[in-house]
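> got a sequence here, can you model it:
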Amino acid sequence: MSVISYLVIYLVIINLIGFAIMGIDKLKARKRAWRIPESTLFVIAIIGGSLGTTIGMHLFHHKTRHWYFLYGMPAILFIQIALVVLLMYLPIEFTFL
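Numbers count the residues shown, from 1 in each chain. This next block holds a predicted model:
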């Protein structure tokens, strides 16, 4: 398998995890049970799960009243997309073993 294949698999998995933890945290919030820390939600977004957490946030209507989630999650996604586009158009060739 190529590096790109591994990267795509990683991104799919981490975004599914991000989506799932938003749903799980919403369920726990309704039951007034132990919650997933907000820092964990942001860490999942930062390591590549920003699309899944953003979709989960809006689909489950979870954390949408917190400005730092409402603007932070899409900002993380935008920055990640911008970095990928930048890396694609840099005049540097990346080679992997």
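
> for the chain, what are the low-confidence residue spans?
When residues are selected by pLDDT under 70, those of the chain lie in 94, 96-97.

> ok, residue 27 to residue 58 distance?
16 Å (Cβ to Cβ, to the nearest Å). (C-beta placed from N, C-alpha, C; glycine too.)

> for the protein, which helix is longest?
helix 3-30 (DSSP state H).

> which of the residues in it are buried?
Residues of helix 3-30 classed as buried by neighbour count (16 or more other Cβ atoms under 10 Å): 14, 15, 17, 18, 19, 21, 22, 25, 26.

> how far does the helix or strand hosting residue 87 sit from the chain's center?
Following DSSP states H and E, one finds residue 87 within helix 72-89. Centre-to-centre, helix 72-89 and its host chain are 12 Å apart (Cα atoms, centre = their mean, to the nearest Å).

> and that helix, which residues are buried?
72, 73, 74, 76, 77, 80.

> which one of those residues is nearest residue 8?
residue 80 (14.2 Å; Cβ to Cβ).

> which residues are in contact with the closest residue to the closest one other than its chain neighbours?
The spatial neighbour of residue 80 that comes closest, neighbours along the chain excluded (Cβ to Cβ, 6 or more residues apart in numbering), is residue 50 at 5.8 Å. Shown in contact with residue 50 (Cβ atoms under 8 Å, 6 or more residues apart in numbering): 15, 18, 73, 74, 76, 77, 80.

> which pair of those spans the longest distance?
Taking Cβ to Cβ, no two of these sit farther apart than 15 and 74, at 14.2 Å.

> all good on my end, thank you.
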